[in-house]
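*Asks:* one predicted model, sequence on top.
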Amino acid sequence: MHETEEETFYFEISQVTSQLLNDSDTVEFGKYFVNNYSTRVEKWAYFNRKHCGINTYMYLEILHKNIKHSYLDEKQCKRLDLAIDALMTLVQEF
């Protein structure tokens, strides 16, 4: 999905679909993927959208949500020392 080179993308998607279709646990999803997504890669593949100007910070937003919900009890932190303490706790756990 995040591949920027078109040739590499098509090589990788063929490998993924063959792995999905050859595994008995994922064959149903493989069929669904082939029917619904592999025929329309120009709509969702990154190599076709890399100059669209879409720039999201999803990973940063997920980290912020995780810090807020896990370390700040879902409250907005107004004190810098509490925010730093929450970040230090997060870093120590990883």
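*Replies:* Yep, it's here.

*Asks:* pLDDT weak spots in the chain?
*Replies:* 1, 50-57 (pLDDT under 70).

*Asks:* confirm for me that residue 3 is in contact with residue 45.
*Replies:* Yes. The criterion here is C-beta atoms under 8 Å, and residue 3 meets it with residue 45 at 7.3 Å. Any C-beta I mention is one placed from the backbone N, CA and C, and that applies to glycine too.

*Asks:* now do the shared contacts for these two.
*Replies:* Residues touching both residue 3 and residue 45 by C-beta atoms under 8 Å, 6 or more residues apart in numbering: residue 9.

*Asks:* and stretch 69-83, which residues are buried?
*Replies:* Buried positions in stretch 69-83, judged by neighbour count with 16 or more other C-beta atoms under 10 Å: 71, 77.

*Asks:* other residues contacting that stretch?
*Replies:* 68, 86, 89, 90.

*Asks:* what about that stretch, how long is it end to end?
*Replies:* By C-alpha to C-alpha, to the nearest Å, the extent of stretch 69-83 from end to end equals 12 Å.
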